[in-house]
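*Asks:* I'll drop the sequence and a predicted model, then ask my questions.
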Amino acid sequence: MASFDNKTMVLCLWLAINFLSTVSSELPRFEHPIRGDQRLKFLVIGDWGRNGAFNQSEVAFQMGRIGEELDIDFVVSTGDNFYDNGLKGEHDPAFIDSFTNIYTAKSLQKQWYTVLGNHDYRGDALAQLSPALRKIDNRWLCLRSFVLNAEIAELFFVDTSPFVKDYFTIPNEHTYDWRGVTPIKIYTENVLKELESALRESTAKWKIVVGHHAIRSVGHHGDTEELVERLLPILRANDVDLYMNGHDHCLEQIGDNQSPIQYLTSGAGSKAWRGDLKGLNRKDLKFFYDGQGFMSVQMTPSDVEIVFYDVFGIVLHKWTMSKQLHDLHPIM
């Protein structure tokens with residue numbers, strides 16, 4: 001019988017873990033208890049990690065100010081956490097330079113719930129998922145897909161990059177770290193199956209899905225057709241209220257013409273002002289801002305308020321929804 005050396009055993013173990021990660025039957029779950037007044041408050045930011053450049057530091061300062069004003073519970077990151085090509089490894093100084101040393105306000109010393117973006121996959125994607133980063137900064141929690149139970153709301157984080165066909169075309173000008181997500185067809189099918197099951201079983205007052213790529217957008221990248229085809233039917237069938245994303249470096253809100261879903265883009269954490277827009281005459285477009293900023297969310301069991309801020313912390317747009325009546329109440 002052939003014997004195995006240590007390197008072979010390690011490789012076999014890694015392959016086994018990799019395989020199991022593609023066939024797991026349930027999304028990881030985390031609990032975030034909310035305050036006694038049954039209010040949930042958090043900020044949403046995306047596409048930010050540039051060592052403070054491109055106004056990242058200025059946006060971070062205003063996040064700290066608004067975070068203190070609202071007394072937020074946590075922060076959601078919609079991906080593209082480190083530019084241009086993710087992290088090089090667990091000890092890449094970019095983690096401290098673009099995260100720890102930028103979001104220094106006391107109000108932002110809360111848990112950050114994070115997904116990967118396509119730029120993160122261009123580096124060492126496993127590094128961002130590593131528990132080693134939590135030892136450097138315990139705010140950091142990044143997984144491919146997971147569920148956050150915040151009592152009155154459940155947030156379902158989805159790894160959207162593996163759905164986008166363009167990233168797999170050959171030749172491709174970029175290389176991507178697909179360790180842990182291959183074979184892609186099985187991986188994406190399992191993500192959708194696990195998400196559908198979690199949404200169906202959820203009893204939360206509000207259901208929020210978070211991904212990096214937009215389902216609907218009038219920004220630089222526009223709609224992500226793979227998500228329109230494969231993810232959107234699941235959201236519509238399971239009474240999802242909000243879909244939050246980054247990817248386009250802008251702030252926007254678009255309604256859905258077949259359900260109450262609102263598509264909310266918060267991908268303006270640093271470099272923005274692209275100027276190439278698609279479909280500004282879209283009748284379901286409620287708000288668009290081609291510049292830097294972030295978003296806040298305040299929820300009770302019956303109401304949600306979304307607020308978009310620019311790089312100066314000025315309120316650009318407010319919107320509320322009542323759960324009982326599904327009435328939309330824009331606030332000018």
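*Replies:* Looks like it arrived, so ask away.

*Asks:* so what's the closest residue in space to residue 311 that isn't next to it in sequence up against?
*Replies:* In this structure, residue 311 finds its nearest non-sequential neighbour in residue 292, 4.2 Å apart by CB to CB, 6 or more residues apart in numbering. In this view, the C-beta of every residue, glycine as well, is placed from N, C-alpha and C. Neighbouring residues of residue 292 by CB atoms under 8 Å, 6 or more residues apart in numbering: 54-55, 58-59, 249, 268-270, 272-273, 310-311.

*Asks:* for those residues, which single residue is the most surrounded?
*Replies:* Most neighbours among these, by other CB atoms under 10 Å: residue 268, with 32 neighbours.

*Asks:* next, it: secondary structure please.
*Replies:* coil (DSSP: H, G, I helix; E, B strand; the rest coil).

*Asks:* mind checking the backbone torsions on the closest residue in space to residue 110 that isn't next to it in sequence?
*Replies:* Residue nearest to residue 110 in three dimensions, not counting chain neighbours: residue 74, with 4.9 Å by CB to CB, 6+ apart. The phi/psi pair for residue 74 (degrees, to the nearest 10) reads phi -170, psi 180.

*Asks:* follow-up on the earlier one: quick check, nearest of the contacts of residue 292 to residue 320?
*Replies:* Nearest to residue 320 out of these is residue 310 (CB to CB; 19.8 Å).

*Asks:* of the contacts of residue 292, which is the nearest to residue 130?
*Replies:* residue 269 (22.1 Å).

*Asks:* OK, contacts around that closest one?
*Replies:* By CB under 8 Å, 6+ apart, the neighbours of residue 269 are 45-49, 56, 59, 246, 292, 294.

*Asks:* surely residue 96 and residue 136 touch.
*Replies:* Yes. Between residue 96 and residue 136 there is a contact under CB atoms under 8 Å: 6.9 Å.

*Asks:* that older thread, hmm, the residue nearest to residue 110 is touching residue 114, no?
*Replies:* No. Judged on CB under 8 Å, residue 74 makes no contact with residue 114 at a distance of 10.6 Å.

*Asks:* quick one: which of those two has more around it?
*Replies:* A count of neighbours by other CB under 10 Å puts residue 114 above the other of residue 74 and residue 114, at 26 against 20.

*Asks:* the nearest residue to residue 101 once chain neighbours are set aside - how many residues pack around it?
*Replies:* Leaving aside its sequence neighbours, residue 101 sits nearest to residue 52 (CB to CB, 6+ apart; 7.6 Å). Using other CB under 10 Å, residue 52 has 17 other residues around it.

*Asks:* quick one: residue 52 is in a strand?
*Replies:* No. Counting by three-state DSSP, residue 52 is not found in a strand; it is coil.

*Asks:* from residue 113, how far off is it?
*Replies:* Distance of residue 52 to residue 113, computed by CB to CB, to the nearest Å: 22 Å.

*Asks:* what's the answer for residue 103, then?
*Replies:* 14 Å.

*Asks:* okay, and the common contacts of these two?
*Replies:* The contact lists of residue 103 and residue 113 share residue 75, where a contact means CB under 8 Å, 6+ apart.

*Asks:* those two - which one has more neighbours?
*Replies:* residue 103 (26 against 23).

*Asks:* assumed the more buried one was part of a helix.
*Replies:* No. Going by three-state DSSP, the assignment for residue 103 is coil, not a helix.

*Asks:* assess the claim that it and residue 63 are in contact.
*Replies:* Yes. The pair residue 103 / residue 63 is scored as a contact, 7.0 Å apart, by CB under 8 Å.
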